[in-house]
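Asker: Next comes the sequence, and after it the predicted model I'd like to discuss.
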Amino acid sequence: MGFEDLQHNFMTGRIEDLVKWARRNSVWPATFGLACCAIEMMSVGAADYDLSRLGMEVFRASPRQADLMVVAGRVSQKMAPVLRQVYDQMMEPKWVISMGVCASTGGMFNNYAIVQGVDQIVPVDVYAPGCPPSPETLLHAILTLHEKIRTGEITRRPGSTAPAGEQATGGWVPTVPDAVRVATPR
Amino acid sequence: MSETNTALGAALPPSAVLPEVPRLPDRLVDQLAFPPRDRYLQMVEAFKAAGFEMCADLCAVDYLTHPGRTLPDGVRSERFEVVVNLLSMSLRQRVRIRVQVPEVDPTVSSIVDVYPGADAMEREAFDMMGIIFEGHPDLTRILMPEDWEGHPLRKDYGVGRIPVQFKEAPGPR
Amino acid sequence: MSEHDHHDRDPERDHRLEIESTILPAETSEGAQELLPRSGTDASELRREVGAVLRLPEGNYIDPSDIDIERREDETMIINMGPQHPSTHGVLRLMLELDGETVLRTKPIIGYLHTGMEKTGEELTYAQGSTNVTRMDYLSPLHNELVFSLATEALLNVEVPPRAVWIRMLMTELNRVSSHLMWMATNGMDLGSTSMMIYGFREREMVLSFFEKTTGLRMNNNFIRPGGVAADLPDGWQDDIEVICDTILARTFEYDELLTGQPIFRERTEAIGNLTAEEALALSVTGPILRSTGVPWDLRRSMPYLAYDKLDFDVIVGTYGDNFDRYSVRLNEIRESIKMIRQIAEQMPPGDYRVQDRKVTPPPRARIDESMEALIHHFKIFTEGFRVPEGEVYVAIESPRGELGCYLVSDGTSKPYRLHIRGPSFVNLQVLPVLLRGGLMADAVAVISSVDPVMGEVDR
């Protein structure tokens, strides 16, 4: 919403709270179910564990209309550029939940075919462990994301051009090819 | 489904199909046949005429690190084997055909004209093991990206694991 | 214009646009695996499209208007569907050649979920193997585990106790119910009926909570292992099963009201995606797709495994091989499975739930404190694994999608030498070009859904 250039003061603080409330209560996920975790993601959207009470039951097919990409499942080498392309097509502000151990770290498949962690390709906000994570785990991850949206700052964002892992790992950056690492400000 | 191969007839039992090809008995499958490469396609066609309507499975095995497997007399062991499992619904029987394929010339006939369902299976065997199927209409990679080098399921292709903290060093596990 | 000025002052945006429009599409293109334009194919190739399945004997007449050889390249359009698409079941990429709304040629491109499970299977022991194979067909994980365990036991030459056999049958039939319910949910969703999606998942939750109670996990339960099953059924399981059976059976008649008789559903599924029996057999199609064409082939009836010959059930067969037949076959298979589950619940024998051979099955945890032998067996089984005699075997079972086979080669060590799983969806996907030809674009989604591919076992 163009807040990044404003000075941070009381009035923009109130507006920020309003904007963050609106953003976190209607996070629309993009359909990016890949494997078994996708089934659990669909279960979360279905009757017993309802995502609609969080405002998230509309899984948008087009990434241009989505806020959240839940990478649900194992990312193979062939799928990695597709993942990046879909992520790039999403509009800011956007968040990524890495659902399941295969998306977070490569999971039980430590081999030639699986990308060892989707954070090598896209910056991840919340990791949800499990194989597959039970629907309660995914709901917890989504609520953590809501908390992150609620407490995060919009006007003074760290102007970093690297995926979020860089701050946590003290400067070590995963080796992602330049063509895939697009320099978008967070 | 009217085949033109009337020389064998439809009532021939599977064991009488090309009886000169070496065989081994098997507990579960009714037959285990080991045709040489140049008679493989003929054998598959003969089985189809004998009532094996469906090709259940086609895969390839790399015997690089296990050369001492059991084979009948007269069959020389090569590095690769193409294994075809055929199913007969009318006879309720299964048959397995194992063809030895050498490493220096990993070519074998394609059975797509006999069983069109083997199309994708042969592409997978090509992608994963590097076996070339002569006569296949579209022999391209199917599971790996197009620019991938190497054939992953071969025994000299590593698993590709990355080192993980606190786990033992990558090795024979 | 001020917009124009702003554009000039933003080299970063230009850089990003350049990457988005040139490099990233180049990264995602798959070259020769994609559908090539008409100028790249010759007449024999196009003729193969029509007679692709049934080998046309020499001299057979082909109606030229059927092949569209004359169609110029600029009259048709090749579009790409997937791999990220809400209507393809998983990461299936389809390239379609369209003439207006009519689909001419189709080419599925797979491999977007390739996990190297067969290679991983060679690195894991037989006891760990079921954790690997269970993630192939993730909608019916117990079937994958069952076929792997049957293959291992065939090589080991052990006899599984009767209670384990019946528990396996119970769990796999429940899995069939949950897989078909999931299919009905996604099929309804693809056709536009979101309420069917919710109903299907609601029923499926009942089965999944029973799985959680018995195996510990809702999905990918590592329950059926070589030697038997991992644990006995919990107390009170008959009551749970009775509730599940009664509820789901009653709800299938609700689905009849919602879908089967409904005119819109009938219009969208009848006479769409027709398949003949000859085409199906030639393409090695098995499962509900084959049965919907009229061929009564079900491995549980024709080549029984476990104890299916002691159960009384019907094999559901369709007539026309269209979408509606595939839907009815699967709906009635849910009812047949419920019937079977009731019979299994009545006839469940008492006894051990896994084979007592200490070389194969780990001892009970309590024994490890008491007996040195038990400790050693436990240690050996969980670190090195049990050795399987040399040999090779092909075992096949009837999974909800068709013939699920496991070709296992052992070299005498504790890890498989070659593990190959014949995934039914991998083979069934070959039927898509035949089904989609001549149909409308909007029916493509319905047809893909009725073929019920699970990309986990397509790509492995």
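Answerer: That came through, no problem. Numbers count the residues shown, from 1 in each chain, chains lettered A, B, ... in the order given.
Asker: how far does stretch C:157-166 stretch from start to finish?
Answerer: 19 Å (C-alpha to C-alpha, to the nearest Å).
Asker: And the contacts of it?
Answerer: With contacts defined as C-beta atoms under 8 Å, 6 or more residues apart in numbering or on different chains, stretch C:157-166 is touched by C:153, C:168, C:227-229, C:306-307, C:344, C:347-357, C:360, C:389. Just so you know, the C-beta spots here come from the backbone N, C-alpha and C atoms, and that holds for glycine as well.
Asker: Please identify the buried residues of that stretch?
Answerer: C:158, C:160-161, C:163-166 (16 or more other C-beta atoms under 10 Å in any protein chain shown).
Asker: how about the residues of chain A near chain B?
Answerer: Residues of chain A lying near chain B by C-beta under 8 Å from any C-beta of the partner chain: A:77-78, A:106, A:110-113, A:116.
Asker: can we see that at 7 Å?
Answerer: Neighbours of chain B within chain A, by C-beta under 7 Å from any C-beta of the partner chain: A:77-78, A:110-112, A:116.
Asker: Mind putting these into JSON lines with neighbour count?
Answerer: Formatted as JSON lines, those follow (neighbours: other C-beta atoms under 10 Å in any protein chain shown):
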{"residue": "A:Gln77", "neighbour count": "18"}
{"residue": "A:Lys78", "neighbour count": "27"}
{"residue": "A:Asn110", "neighbour count": "20"}
{"residue": "A:Asn111", "neighbour count": "20"}
{"residue": "A:Tyr112", "neighbour count": "20"}
{"residue": "A:Gln116", "neighbour count": "20"}
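Asker: isn't A:Ile149 right up against A:Arg23?
Answerer: Yes. Using C-beta atoms under 7 Å, A:Ile149 is in contact with A:Arg23, at 5.6 Å.
Asker: Quick check: neighbours shared by these two?
Answerer: Shared contacts of A:Ile149 and A:Arg23 (C-beta atoms under 7 Å, 6 or more residues apart in numbering or on different chains): none.
Asker: Pick out whichever of the two has more residues nearby.
Answerer: Higher neighbour count among A:Ile149 and A:Arg23: A:Ile149, with 21 against 18, using other C-beta atoms under 10 Å in any protein chain shown.
Asker: For the nearest residue to the more buried one once chain neighbours are set aside, list the residues it contacts.
Answerer: The shortest distance from A:Ile149 to any non-neighbouring residue, by C-beta to C-beta, 6 or more residues apart in numbering or on different chains, is to A:Arg24 (4.0 Å). Taking C-beta under 7 Å, 6+ apart, we find A:Arg24 in contact with A:146, A:149-150.
Asker: Give me the longest helix you can find in chain B.
Answerer: Looking across chain B with DSSP state H, the single longest helix is helix B:118-129.
Asker: actually chain A, sorry about that
Answerer: Using DSSP H, we find that the single longest helix of chain A is helix A:135-151.
Asker: show me where pLDDT drops low in the chain?
Answerer: Picked chain A for this. Filtered on pLDDT under 70, chain A yields the residue ranges A:1-10, A:12, A:153-186.
Asker: other chain: chain C
Answerer: For chain C (pLDDT under 70), the answer is C:1-9, C:19-28, C:32, C:37-73, C:87-88.
Asker: and if we set it to 50?
Answerer: Within chain C, the stretches with pLDDT under 50 are C:1-5, C:7, C:51-64.
Asker: In contact with whichever residue of it sits closest to chain B, which residues are there?
Answerer: Nearest to chain B in chain C, going by C-beta to the nearest C-beta, is C:Ser284, at a distance of 2.8 Å. Neighbour list for C:Ser284: B:54-56, B:115, B:117, C:427 [criterion: C-beta under 7 Å, 6+ apart].
Asker: Now, of those, which are buried?
Answerer: By neighbour count, with 16+ other C-beta under 10 Å, the contacts of C:Ser284 hold B:54-56, B:115, B:117, C:427 as buried.
Asker: Which of those lies at the shortest distance from chain A?
Answerer: Comparing the buried ones among the contacts of C:Ser284 against chain A with C-beta to the nearest C-beta places C:Val427 closest, at 19.7 Å.
Asker: For that closest one, which residues are in contact?
Answerer: B:117, B:120, C:284-285.
Asker: So it, which state does it fall into?
Answerer: Three-state call for C:Val427 (DSSP: H, G, I helix; E, B strand; the rest coil): helix.
Asker: what about C:Ala154, helix or strand, and which?
Answerer: Under the criterion of DSSP states H and E, C:Ala154 resides in helix C:141-156.
Asker: before we move on, what about B:Val99?
Answerer: In the assignment (DSSP H and E), B:Val99 maps to strand B:93-101.
Asker: Now do the buried residues in that strand.
Answerer: By neighbour count on 16+ other C-beta under 10 Å, the buried set for strand B:93-101 is B:93-101.
Asker: Closest one of the residues you listed to C:Leu233?
Answerer: Nearest to C:Leu233, judged by C-beta to C-beta, of those is B:Arg94 at 32.8 Å.
Asker: coming back round to it: neighbouring contacts of the helix holding C:Ala154?
Answerer: Residues outside helix C:141-156 that contact it (C-beta under 7 Å, 6+ apart) are B:28, C:126, C:129-130, C:133-134, C:136-137, C:160, C:168, C:171-172, C:175, C:219-221, C:223-226, C:305, C:360, C:388-389, C:391, C:393, C:395, C:397, C:399, C:404-406, C:408, C:410.
Asker: Looking at those, which are in helices?
Answerer: Going by DSSP H, the helices hold C:126, C:129-130, C:133, C:168, C:171-172, C:175 from those.
Asker: Now do the strands in the chain.
Answerer: No chain in the question, so chain A it is. A:29-30, A:68-72, A:95-99, A:126-128 (DSSP state E).
Asker: meant chain C, my bad for not saying
Answerer: Shown for chain C, the strands assigned by DSSP E span residues C:77-81, C:93-99, C:102-109, C:224-225, C:228-229, C:391-399, C:402-410, C:418-422.
Asker: likewise chain B?
Answerer: So, for chain B - with DSSP E - the strands run B:23-24, B:31-33, B:54-62, B:80-88, B:93-101, B:107-109, B:132-134.
Asker: Chain A: which of these is closest?
Answerer: Ranking these by proximity to chain A (C-beta to the nearest C-beta) places strand B:54-62 first, at 15.5 Å.
Asker: who touches the closest one?
Answerer: With C-beta under 7 Å, 6+ apart, strand B:54-62 has contacts from B:79-87, B:89, B:111, B:115, B:117-118, B:121-122, B:125, B:129, B:131, B:153-155, C:281, C:284, C:394, C:396, C:403, C:405, C:407, C:409, C:418, C:420, C:422.
Asker: just the buried members of these?
Answerer: For the contacts of strand B:54-62, a burial check counting by 16+ other C-beta under 10 Å picks out B:79-87, B:89, B:111, B:115, B:117-118, B:121-122, B:125, B:129, B:131, B:153-155, C:281, C:284, C:394, C:396, C:403, C:405, C:407, C:409, C:418, C:420, C:422.
Asker: How about the contacts made by the residue of the stretch 201-350 of chain C found nearest chain A?
Answerer: With C-beta to the nearest C-beta as the measure, C:Phe201 is the residue of the stretch 201-350 of chain C nearest to chain A, at 3.4 Å. Listed by C-beta under 7 Å, 6+ apart, the contact set of C:Phe201 reads A:42-43, A:46-47, C:185.
Asker: Mark which of these are part of helices, please.
Answerer: Those of those lying in helices (DSSP H): A:42-43, C:185.
Asker: So what pairs up with C:Arg93 in the strands?
Answerer: C:Ile109 (DSSP bridges).
Asker: could you list every residue that touches A:Val70?
Answerer: A:Val70 sits next to A:29, A:32, A:41, A:97, A:99 when contact means C-beta under 7 Å, 6+ apart.
Asker: Once you drop chain neighbours, what's closest to the first one?
Answerer: Spelled out, that is A:Pro29. Excluding the flanking residues, the one nearest A:Pro29 by C-beta to C-beta, 6+ apart is A:Leu68, at 4.5 Å.
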